[in-house]
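Enquirer: Fold the following, please.
(4 chains)
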2 protein chains.
Amino acid sequence: MNNAWHKEMLAEVKAGGRISDQDIVEKVRRAVLTQRLPPDTKLPEVTLGEVFGVSRSVVRKALTRLASEHVVDQRPNQVARVRAPSIEETRETFEARRLVEGEVAAQLAGRLDAEVMSTLETQARLETDAYERGDEPARIEHSLTIHHLLAEHSPNRVLGAMLTDLVLRTSIVIALYKRPSLASCYLENDHPRLLDRLGKGDGEAARACVNDHLHSLEALLDLRPRENSIDLMSILGRTAEQT
Amino acid sequence: MNNAWHKEMLAEVKAGGRISDQDIVEKVRRAVLTQRLPPDTKLPEVTLGEVFGVSRSVVRKALTRLASEHVVDQRPNQVARVRAPSIEETRETFEARRLVEGEVAAQLAGRLDAEVMSTLETQARLETDAYERGDEPARIEHSLTIHHLLAEHSPNRVLGAMLTDLVLRTSIVIALYKRPSLASCYLENDHPRLLDRLGKGDGEAARACVNDHLHSLEALLDLRPRENSIDLMSILGRTAEQT
DNA sequence: CAACCCCACTTTGTATACAGTTCTCCATCA
DNA sequence: TGATGGAGAACTGTATACAAAGTGGGGTTG
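Expert: Numbering: from 1, shown residues only, chains lettered A, B, ... in the order given. Next comes the predicted model:
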């Protein structure tokens, strides 16, 4: 576990009141998303308990939920670890998200009320602003907000919940497999264009737009098979630490 | 909780060895699926613990997992209950499953090896047999096996896992909303026809076939709005469910 | 008679103790 | 040098005790 992260959490915990399992889920999820907790990081129950000032019971519940969200890997008699999705799973996650988000967008086209539309447009503008001033964390935040709003307002709540899960999972693998040379995974006009099509009520155009967007995003990642260590490690040894 | 079910479980427990949380998940899931545990049935932790001969810790973990599978409703400080999906959610679940299973079938067409194909065909035949001799539980079993095999062999494991979840959820609502007049939700030629198209490698035909099958299934249900109690409850009662 | 309130009981939430498993590291040996 | 085995530490699995919240029934009051 990461020591800087510990201190940060402890500070927040002291500030706030009582901590519930849901709080832990959200904090860990966010830390994974922002790579403050990199893949394969061990998350022992007692340590987490000390960090958040609760006992193992609460931590265990949180870890179980994080496992069902695919954020954490929980195996019997072993310490929970931050999940590191494989390259293949990354591709599959993107494909699944194209299918689901495309359908959600198609259903949503022309059905969003003015208030939500304007919130979406605001977020898109804020994303551009953040990009231009080089504030990557803020940019990601706004981008995520857009997709979460779409999921949340999906007329089909079942699909919406599935989309929420897929947005989280793609965000994690984007952080994981982003080409180091790229400062940002920002695609200039994609979000405004999507919002435009949603506003005009053209479902199929919106679906196509989502598809292109996600294909472009995936293309920004480095999904070539790794030669150097992962394969050797996973074949020969057991606990592959990193790279 | 149901007393006949208690005895049944106790018998099984005594026969088998040690019980894990996963065992409880499977047994409860199956009991819900077969309506031995009808919707809204209370599932108190101590009672379940006594039934399975374990302490609350194990039961709690099982309940948390069942909640993430949408089988059980778990609210803070309240007894867990068997979930009763609304009519609207039922429609949405079917729609989601059409999207996902259609895609899985399309991808699977022409890619299934001979062994799996023959297992599928055997299950389809067994389903017909069971129907003809009026053995509904066996018929459901074989039908479920077919869909689970499709999910399991999906080239895209992410979609496959989503499909597994959706198959479970649709099965539950079918049991819930089946017209009482119908002895069975059996659609004579649907499964053989689907397998035929999968074998011939025609992806789009397979997708269409899945779509038709699921539309027909949904049409067998009684999804008319209920007058008597449900609506009043959700309008007057505490946590407004929707709209 | 109906509505309301209060108290006892039931049930869940959290912490903790102990048992069983896995991991780590060091000493031993070929 | 490299493999092996074992002791101890670290960690999870399970049970249980106590605290807090919710539920329901009986009695009181208007």
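
Enquirer: use CA for all of it now, contacts and neighbours both
Expert: Will do.

Enquirer: residue contacts, the residue of chain A found nearest DNA strand C?
Expert: Closest contact between chain A and DNA strand C, by C-alpha to the nearest atom of the strand, is at A:Ser55 (3.5 Å). By C-alpha atoms under 8 Å, 6 or more residues apart in numbering or on different chains, the contact set of A:Ser55 is A:46, A:49.

Enquirer: can you rerun that using 7 Å?
Expert: Shown here is A:Ser55, whose contacts under the criterion C-alpha atoms under 7 Å, 6 or more residues apart in numbering or on different chains are A:Gly49.

Enquirer: could you measure it against B:Arg65, distance?
Expert: As judged by C-alpha to C-alpha, to the nearest Å, A:Ser55 and B:Arg65 stand 20 Å apart.

Enquirer: now do A:Ser216
Expert: 35 Å.

Enquirer: neighbour count winner among those two?
Expert: Shown here are A:Ser216 and B:Arg65; by other C-alpha atoms under 10 Å in any protein chain shown, B:Arg65 has more neighbours (21 against 15).

Enquirer: Show residues contacting whichever strand or helix holds that one.
Expert: Assigned by DSSP states H and E, B:Arg65 belongs to helix B:56-68. Outside of helix B:56-68, the residues within contact range by C-alpha under 7 Å, 6+ apart are A:68, B:21-22, B:24-25, B:45-46, B:48-49, B:72-74.

Enquirer: right, and the pair among these with maximum separation?
Expert: With C-alpha to C-alpha as the measure, no two of the contacts of helix B:56-68 lie farther apart than A:Ser68 and B:Val46, at 24.3 Å.

Enquirer: residues contacting A:Val104?
Expert: Counting by C-alpha under 7 Å, 6+ apart, A:Val104 has contacts A:Ser154.

Enquirer: secondary structure class for it?
Expert: Using DSSP: H, G, I helix; E, B strand; the rest coil, the structure places A:Val104 in helix.

Enquirer: ok, it to B:Leu99 distance?
Expert: If you measure A:Val104 against B:Leu99 using C-alpha to C-alpha, the figure is 11 Å.

Enquirer: which stretches of chain A form helices?
Expert: Ranges of helices in chain A, per DSSP state H, are A:3-15, A:21-33, A:45-52, A:56-68, A:87-108, A:114-132, A:136-152, A:157-177, A:190-200, A:203-219, A:230-236.

Enquirer: could you give the angle of the third one to helix A:21-33?
Expert: An angle of 100 degrees separates the directions of helix A:45-52 and helix A:21-33 when computed by axes from the mean of the first three to the mean of the last three C-alpha atoms, to 10 degrees.

Enquirer: Helix A:45-52 close to DNA strand C?
Expert: No - judged by C-alpha under 7 Å from any atom of the strand, helix A:45-52 makes no contact with DNA strand C; its nearest approach is 7.8 Å.

Enquirer: Please spell out which residues along that helix are buried.
Expert: For helix A:45-52, the neighbour count (16 or more other C-alpha atoms under 10 Å in any protein chain shown) marks A:45-49, A:51-52 as buried.

Enquirer: Now do the buried residues in stretch A:100-113.
Expert: For stretch A:100-113, a neighbour-count test (16+ other C-alpha under 10 Å) marks A:100-109, A:111-112 as buried.

Enquirer: Kindly reformat these as JSON lines containing distance to DNA strand C and pLDDT.
Expert: As requested, these are exported to JSON lines (distance: C-alpha to the nearest atom of the strand, whole Å; pLDDT from 0 to 100):
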{"residue": "A:Val100", "distance to DNA strand C": "32", "pLDDT": "98"}
{"residue": "A:Glu101", "distance to DNA strand C": "33", "pLDDT": "98"}
{"residue": "A:Gly102", "distance to DNA strand C": "36", "pLDDT": "98"}
{"residue": "A:Glu103", "distance to DNA strand C": "35", "pLDDT": "98"}
{"residue": "A:Val104", "distance to DNA strand C": "33", "pLDDT": "98"}
{"residue": "A:Ala105", "distance to DNA strand C": "36", "pLDDT": "98"}
{"residue": "A:Ala106", "distance to DNA strand C": "38", "pLDDT": "98"}
{"residue": "A:Gln107", "distance to DNA strand C": "36", "pLDDT": "98"}
{"residue": "A:Leu108", "distance to DNA strand C": "35", "pLDDT": "97"}
{"residue": "A:Ala109", "distance to DNA strand C": "39", "pLDDT": "96"}
{"residue": "A:Arg111", "distance to DNA strand C": "37", "pLDDT": "95"}
{"residue": "A:Leu112", "distance to DNA strand C": "36", "pLDDT": "96"}
